[in-house]
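Trainee: next input, structure requested:
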Amino acid sequence: MKKFVAFLSVVSLATFSWAGTAKEDSADRLQKSSEVLTQIANAPDKGIPEEVLGKAKCIAIVPHLVKGGFVFGGKHGRGVATCRTADGWSAPAFISVGGGSWGLQIGVEGVDLIMLIMNDKGMQQLLSSKFQVSGEGSAAAGPVGRHASAGTDWKLDTQMLTYSRSKGAFAGLTLEGAVIQQDADSTTAVYGRDVAFKNVLLGKVPTPEMAKPFVESVSKAANVAVAKEAADNEAKK
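Mentor: Reported below is the predicted structural model:
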């Protein structure tokens, strides 16, 4: 009996330790995602065009997708996503990205991945909690610079625009074959239970205190992008 009680104690401690570590990892991911988006928003000539960021329905960020090596097959990263709702941006949904035949070889450490969901069809894909990126018109490397070139077709049927950043260099990135799905471990660690991925992104789940700075950084970046685009359009008149 004593051995059984001791066993239960070890299991409980291990579970508590895991939950604490998972929550700390998730908090670190939220902070790094905020930093990535803020830095990109503050470098408009090298980052995401204002009209693209301002029109995105959802934003997903995976800080440090890889930590060395090259980006071909089987790579994995964890990030967070949030979508626009009637009341602002949703609480963060935790995601993982893996597999696929990556469209850009990167031989450096620390690659940040940014994914923008641009239309309702793309949003429905994300809400499914697991989908594979495939085909032209589904996802494409996003345009870079202060303004999207008039010759690009990002406004058409492209569901997702993807970007990568490594050591300050920012460029579009294709994610053909990559699988994006809910990170159940982080979800449970932050929300205390396995809440439905769709409910989080639709704004049906309150934003945890630890996630509010991330949501605020997304809201600020998107609002600034909309304001800058409006000012630029007014100046052209």
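
Trainee: what ranges do the strands span in this structure?
Mentor: 58-62, 76-85, 88-89, 93-98, 111-117, 130-132, 139-141, 160-166, 169-172, 179-182 (DSSP state E).

Trainee: now for the last one, which elements pack on it?
Mentor: Right, strand 179-182. strand 93-98, strand 130-132 (3 or more CB pairs under 8 Å, 6 or more residues apart in numbering; DSSP states H and E). In this view, the C-beta of every residue, glycine as well, is placed from N, C-alpha and C.

Trainee: how about the shortest one?
Mentor: Here strand 88-89 touches helix 212-236, going by 3+ CB pairs under 8 Å, 6+ apart.

Trainee: can you get me a residue count around residue 50?
Mentor: 24 (other CB atoms under 10 Å).

Trainee: equivalent analysis for residue 208, please.
Mentor: Residue 208 - counted by other CB under 10 Å - has 18 other residues nearby.

Trainee: can you give me the distance of it to residue 53?
Mentor: 25 Å (CB to CB, to the nearest Å).

Trainee: go on, residue 197?
Mentor: According to CB to CB, residue 197 and residue 53 sit 23 Å apart.

Trainee: so for these two, which sits in the more crowded spot?
Mentor: Taking other CB under 10 Å, residue 197 and residue 53 do not tie; residue 53 has more neighbours (26 against 23).

Trainee: surely the more buried one and residue 222 touch.
Mentor: Yes: counting by CB atoms under 8 Å, residue 53 touches residue 222, with 6.2 Å between them.

Trainee: please enumerate the shared neighbours of the two.
Mentor: Listed as contacting both residue 53 and residue 222 by CB atoms under 8 Å, 6 or more residues apart in numbering are residue 59.

Trainee: where does this structure have low pLDDT?
Mentor: Applying pLDDT under 70 to the chain picks out residues 1-20, 43-46, 66-75, 99-110, 135-137, 145-157, 167-174, 225-237.

Trainee: can we see that at 90?
Mentor: Along the chain, segments meeting pLDDT under 90 span 1-25, 36-55, 63-78, 96-115, 119-181, 185, 194, 220-237.

Trainee: neighbours of residue 31, just the number please.
Mentor: What residue 31 shows, counting by other CB under 10 Å, is a neighbour count of 15.

Trainee: again, but for residue 42
Mentor: Neighbours of residue 42 (other CB under 10 Å): 10.

Trainee: may I have the beta-bridge partners of residue 114?
Mentor: residue 61, residue 163 (DSSP bridges).

Trainee: wait, isn't it in contact with residue 144?
Mentor: No: the pair residue 114 and residue 144 does not pass the contact test of CB under 8 Å, sitting 11.1 Å apart.

Trainee: what is in contact with those two at once?
Mentor: With CB under 8 Å, 6+ apart as the test, residue 114 and residue 144 both reach 48, 163.
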